[in-house]
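J.: Provided below for reference: sequence and predicted model.
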Amino acid sequence: DTAVSQTPKYLVTQMGNDKSIKCEQNLGHDTMYWYKQDSKKFLKIMFSYNNKELIINETVPNRFSPKSPDKAHLNLHINSLELGDSAVYFCASSHRLAGNTDTQYFGPGTRLTVL
Amino acid sequence: SQQGEEDPQALSIQEGENATMNCSYKTSINNLQWYRQNSGRGLVHLILIRSNEREKHSGRLRVTLDTSKKSSSLLITASRAADTASYFCATAPLTGGFKTIFGAGTRLFVKA
């Protein structure tokens, strides 16, 4: 069984549209993350939730809104998509948050292309 | 520049050779981790080294950490074609809250 899954794997959409990416983990982890990987492969944290509570919110446009209905799910909704939003978005989870000593388990990524 | 910068950006070697990748960072850390990313896939954790450790081994991987120089190296011995991937270091800064900061990675290509 896949530990961290994301849907969809590919997303192609027009500028101005609203889209969502879903993430689920079956590892029983308390903490989940969203990362954005740009074309130069640089991976940047966007959000982190611990037990459904938002604990990291980087400088991300408020067009991006994470939602965690339960600790196994962390979805990312993006409003009014822009060309610069094109990237690969990775969901990840870890057992705990404390001290960043925990391994993060990554999903397969969602490649978003905004036309 | 970013916390966690890998060097070189790209590395091409023959199967059987050793591959060494370096990571430099700027602020004091709790720990440093190395991850691998195969093309089109998510990152996979390889090894974690804590700030009070100097060297760690896992199979064909050897990681060193020099906190005085704020640098780490990842050595892959007897490389295989299947080791072809991008390798990222990730640091957990002491004062970074709960963030793990990734570098831009080293792209390793192992020729069969």
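T.: That came through fine. Numbers count the residues shown, from 1 in each chain, chains lettered A, B, ... in the order given.

J.: quick check: which helices or strands does the helix or strand of chain A with the lowest mean pLDDT pack against?
T.: Ranking every helix and strand in chain A by mean pLDDT, DSSP states H and E puts strand A:53-57 at the bottom, with a mean of 83. With contacts defined as 3 or more Cβ pairs under 8 Å, 6 or more residues apart in numbering or on different chains; DSSP states H and E, the packing partners of strand A:53-57 are strand A:43-50. For glycine as for every other residue, the C-beta is placed from the backbone atoms N, C-alpha and C.

J.: residues contacting the strand it packs on, please?
T.: A:30-38, A:54-58, A:60, A:64, A:66, A:68, A:71, A:74, A:76, A:90, A:97, B:43, B:88, B:98-102, B:105 (Cβ atoms under 8 Å, 6 or more residues apart in numbering or on different chains).

J.: in strands only, show me the residues you listed.
T.: Per DSSP state E, strands hold the following members of the contacts of strand A:43-50: A:31-37, A:54-57, A:64, A:66, A:68, A:74, A:76, A:90, B:43, B:88, B:101-102.

J.: can you flag the buried ones in those residues?
T.: A:31-37, A:56, A:64, A:66, A:68, A:74, A:76, A:90, B:43, B:88, B:101-102 (16 or more other Cβ atoms under 10 Å in any protein chain shown).

J.: one step back: in its sheet, what does the least confident helix or strand of chain A sit against?
T.: Strand A:53-57 pairs in its sheet with strand A:43-50 (antiparallel), by DSSP bridges.
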